[in-house]
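Novice: Just a sequence and a predicted model for now, questions to come.
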Amino acid sequence: MAKKYEILSDDFIVHEGVKLFRIKKLAAVDVGDDEIARELAHFMQLGGYIESEENLSQEGECWVSENAKVWGLARVSENGSVHDNAQVFGSSKVYGDAYVCDNAQVFGAAQVYGEAEVNDNSQVFGSSEIFDKATLYDDTKVFGATKIYGEAEMYGCAQVYGNAQVYEGGHIMESAHVFGRAKIYGNGLVLGEAKVFGNVVVCDRGVVFNNASIQGNLVIDGDNVVKGTREGCSNYRESVEDIIVGG
């Protein structure tokens, strides 16, 4: 198998006590005798930093660029890519057509794959999985054994952890927390400082917001909106005064 990149042993940094080396594409670019074009081509061939060849596959279109860093037992493969100042470490994996960029971090035993994107200052760790077309923005955090997939999206300082799942267009925003075995899907929305946990399901355009605290075995669906604070009510339509039906 022909190699697609080389490790530049004389171009390195020490990051968190680990020596990381710049990588460079091996494919030649013919730019003729134009000196400026040659310099630009050389710059475009340079990649980010890895600890060893174990961190980046020589196969596929996977790449680490700019000042991105991959080290430890972490691996980027297939068509996965890590850009900007993003960091991938621990024993985490980025593969498929996944995209990690900006100042995002993927670590622990986390996996990002499919067409998933981890952007901005988002963090994915633990044994969590981000896949399909799921997208994380801003300062979101996903950890534990969480799964975020489908076309789910997270924004703000939202956190999803434990064994929670967000999928099929579920949205977690602002400072909301979703944890336990909660499931958010079907365009379900959790935002504000709301907390959804236990075995709660928010689906089919159900909304939980403000400082609502929802737990138990409840299903919040339809176009129902829950705001305020409540815990473990057996029938939220009858038990909570501040529910607005139909938005």
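Specialist: Looks like it came in fine. Numbering: from 1, shown residues only.

Novice: Tell me where this protein is predicted with low confidence.
Specialist: For the chain, residues meeting the criterion pLDDT under 70 lie at 1, 27-44, 228-247.

Novice: That one: helices as residue ranges?
Specialist: Assigned helices in the chain, in chain order: 35-45, 236-239 (criterion: DSSP state H).

Novice: and the gap between the spatially closest residue to residue 101 that is not a sequence neighbour and residue 212?
Specialist: Among residues not flanking residue 101 along the chain, residue 83 sits closest, at 4.2 Å (CB to CB, 6 or more residues apart in numbering). C-betas here are computed from N, CA, C, even on glycine. Shown here: residue 83 relative to residue 212, a distance of 37 Å by CB to CB, to the nearest Å.

Novice: Compare neighbour counts for those two and give me the winner.
Specialist: residue 212 (27 against 19; other CB atoms under 10 Å).

Novice: close enough to count as contact, that one and residue 227?
Specialist: Yes. Judged on CB atoms under 8 Å, residue 212 makes contact with residue 227 at a distance of 5.7 Å.

Novice: what's the overlap in contacts for these two?
Specialist: residue 192 (CB atoms under 8 Å, 6 or more residues apart in numbering).

Novice: How far does stretch 10-23 stretch from one end to the other?
Specialist: Stretch 10-23 has an end-to-end distance of 11 Å (CA to CA, to the nearest Å).

Novice: What is the burial count for residue 175?
Specialist: 16.

Novice: so who does it touch?
Specialist: Residue 175 makes contact with 156-158, 192-193, according to CB under 8 Å, 6+ apart.

Novice: So what's the gap between stretch 71-78 and the chain middle?
Specialist: Mean-position distance between stretch 71-78 and its chain equals 15 Å (CA atoms, centre = their mean, to the nearest Å).

Novice: Quick one: end-to-end length of that stretch, please.
Specialist: Stretch 71-78: ends 17 Å apart by CA to CA.

Novice: same question, stretch 49-69
Specialist: 5 Å.

Novice: List the contacts of residue 159.
Specialist: By CB under 8 Å, 6+ apart, the neighbours of residue 159 are 140-143, 176-179.

Novice: In the beta-sheet assignment, what are the partners of it?
Specialist: Beta-bridge partners recorded for residue 159 (DSSP bridges): residue 141, residue 177.

Novice: for this structure, longest strand please?
Specialist: strand 5-15 (DSSP state E).

Novice: Packing partners of it?
Specialist: strand 18-25, strand 46-50 (3 or more CB pairs under 8 Å, 6 or more residues apart in numbering; DSSP states H and E).

Novice: So for it, what gets flagged as buried?
Specialist: 5-7 (16 or more other CB atoms under 10 Å).

Novice: Run the chain-centre distance for that strand.
Specialist: Centre-to-centre, strand 5-15 and its host chain are 27 Å apart (CA atoms, centre = their mean).

Novice: relative to strand 46-50, how tilted is that strand?
Specialist: For strand 5-15 against strand 46-50, the angle by axes from the mean of the first three to the mean of the last three CA atoms, to 10 degrees is 60 degrees.

Novice: Tell me the strands beside strand 5-15, with direction?
Specialist: strand 18-25 (antiparallel).

Novice: what comes into contact with the strand it pairs with?
Specialist: 4-9, 11-14, 45-51, 56, 64, 69, 71-72.

Novice: Having no further points to raise, I will conclude here.
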